[in-house]
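Peer 1: Everything below, folded, please.
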Amino acid sequence: MENQKTHAWILPKRVIGFTEQFVRNNPEENRTSCHTMSTLIKRGILWLGVCLVLPMLGVWLAGWDLAPFLTFPPVVRDIGEIGFSVPVGWFYWLGMGALFTWLLWRRGNLSIQEGIGSFHKFPFWGWLGILWTGIIWWLAWSRLDSFAWGQKYTFSPLWFGYIVVVNAWIQSRSGKCPMLEKPKLFLALFPVSAVFWWVFEYYNRFVQNWIYLNSDVSAVEYFVHATIAFSTVLPAVYSTAEALLTFPGLQRAMTGPKLKFKQGKGLALAVLGVCTVAFLLIGVFPRILYPLLWTGPFLIWLALSALAGDPEDFGRVEKGDWRKVWSWALAALICGFFWEMWNSHSLAKWIYQVPYLHGGLIFEMPMAGYLGYLPFGLECGVVTGLVARVLSGR
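Peer 2: This next block holds a predicted model:
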């Protein structure tokens, strides 16, 4: 066991050792950034272990066949009856109602940056984006014989168009465009986004919350097509979050209770412990633990960040300023609406299986499922923030 432990940590130790050697051989101004990078590497290794290894380990310990969980492209597994439970539905909606009542109960006054909400000319390339998106939308929902060859591949072009249009809209409202102002960050988000969503596809192997239809292609084609499609997630949510912040009235509404987090690490350890056990069991009890797919990775990263003494930046919630939280959460919800709407009449599409809450469908998504986009938006914000930190060397 000791030898296995040593071998398991040899690569992280070498990476961290290289980082420490780099610090010793470089000027003082590099020490802080290298130390931060070393901390992020350690945190990332722990996160991967909890979030990616434990679900498969739990299935193996339960004595289940691992083949269905490792097959690529993924296969559909039966996780039992889905349906809608009235008691669970009441509990869910009353709980969510209480949570949002508390979050929205107290309002404060926020100072808005100058220039926000000032109007500029809508750029020409934005009109081209609208035209492009409209044409692809029509092709995606039509069943033209002449376009049969491309009918399955309209998702990515639609979202490339969406991203361009939203950035043009931001420029027309504020005079600044994220796509043009921060090109390095914006371009980096595409490959990171692909990896980011592949992680959720991995989780879905255990909970089977969504199933793809009309996607009978080879493994290589599936991987390439899916990776391109997944690459649009973070740029789309990031652009939408930036667009929301161009509305002064909406910004002033993004206030809430003043939360002051203590420096104690007891809560972080408790969250990490509960999530660790839950991730170990998520594949064994998917009908109960499936909400962990959307909240677990986020909570584990927050706990690890708190334990590392490097808590995530969510704005000034201690002063009641929730703009950073609400802009990302609402951005994911808005993108979620477009994801589900465009999916509803596409040829290659997905459907959902949401145990106990599978009712009140809006497009293919149960109504309760839309609230899952809110924590997902915060995860998008955390990942985008990490990318920005790495690129800036902080």
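Peer 1: Could you report the neighbour count for the nearest residue to residue 353 once chain neighbours are set aside?
Peer 2: When the adjacent residues along the chain are set aside, residue 353 lies closest to residue 82, with 4.9 Å between them (CB to CB, 6 or more residues apart in numbering). (Each C-beta comes from the backbone N, C-alpha and C, glycine too.) Residues lying near residue 82 (other CB atoms under 10 Å) number 17.
Peer 1: Does residue 82 touch residue 355 like I think?
Peer 2: Yes: using CB atoms under 8 Å, residue 82 is in contact with residue 355, at 5.4 Å.
Peer 1: Residue ranges in the stretch 151-300 of the chain under the pLDDT threshold?
Peer 2: Low-confidence segments of the stretch 151-300 of the chain (pLDDT under 70): 215, 261-264.
Peer 1: Let's see that with 90 instead.
Peer 2: The stretch 151-300 of the chain contains residues with pLDDT under 90 at 151-152, 174-176, 213-219, 248-269, 271-272, 293-294, 296-298.
Peer 1: And the strands in it?
Peer 2: With DSSP state E, counting those that start in this stretch, the ranges of strands along the stretch 151-300 of the chain come out as 210-213.
Peer 1: Helices of that one, start to end?
Peer 2: In the stretch 151-300 of the chain, the segments counted as helices under DSSP state H, counting those that start in this stretch are 155-174, 178-181, 183-207, 219-230, 233-244, 248-253, 266-281, 286-289, 292-307.
Peer 1: Please work out which of those helices is packed deepest.
Peer 2: Neighbour counts averaged per stretch over the helices of the stretch 151-300 of the chain are highest for helix 233-244, at a mean of 25; criterion: mean count of other CB atoms under 10 Å.
Peer 1: who's in contact with residue 362?
Peer 2: Listed by CB atoms under 8 Å, 6 or more residues apart in numbering, the contact partners of residue 362 are 340, 370.
Peer 1: So what pairs up with it in the strands?
Peer 2: Beta-bridge pairing for residue 362 (DSSP bridges): residue 365.
Peer 1: Residue 338: neighbour count?
Peer 2: For residue 338, the neighbour count with other CB under 10 Å is 14.
Peer 1: Apart from its neighbours in sequence, what residue is nearest it?
Peer 2: Once its chain neighbours are removed from consideration, residue 338 has its nearest residue in residue 162; the separation is 6.6 Å (CB to CB, 6+ apart).
Peer 1: how close does residue 371 get to residue 234?
Peer 2: Counting by CB to CB, to the nearest Å, the gap between residue 371 and residue 234 amounts to 20 Å.
Peer 1: how near is the residue nearest to residue 353 to residue 354?
Peer 2: The span separating residue 82 from residue 354 equals 7 Å under the rule CB to CB.
Peer 1: circling back to that earlier point, could the helices of the stretch 151-300 of the chain be laid out in a markdown table, adding distance to residue 327?
Peer 2: A markdown table is the format used below for the helices of the stretch 151-300 of the chain (distance: least, CB to CB, whole Å):
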| stretch | distance to residue 327 |
| --- | --- |
| helix 155-174 | 12 |
| helix 178-181 | 13 |
| helix 183-207 | 16 |
| helix 219-230 | 22 |
| helix 233-244 | 4 |
| helix 248-253 | 8 |
| helix 266-281 | 24 |
| helix 286-289 | 29 |
| helix 292-307 | 16 |
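Peer 1: Next up, the contacts around the residue lying closest to residue 287 once chain neighbours are set aside.
Peer 2: The spatial neighbour of residue 287 that comes closest, neighbours along the chain excluded (CB to CB, 6+ apart), is residue 355 at 4.1 Å. Contacts were defined as CB under 8 Å, 6+ apart; by that measure residue 355 touches 79, 80, 81, 82, 83, 286, 287, 288, 290.
Peer 1: quick one: the second one and residue 288 touch, right?
Peer 2: Read that as residue 80. No: with contact defined as CB under 8 Å, residue 80 does not reach residue 288; the gap is 10.5 Å.
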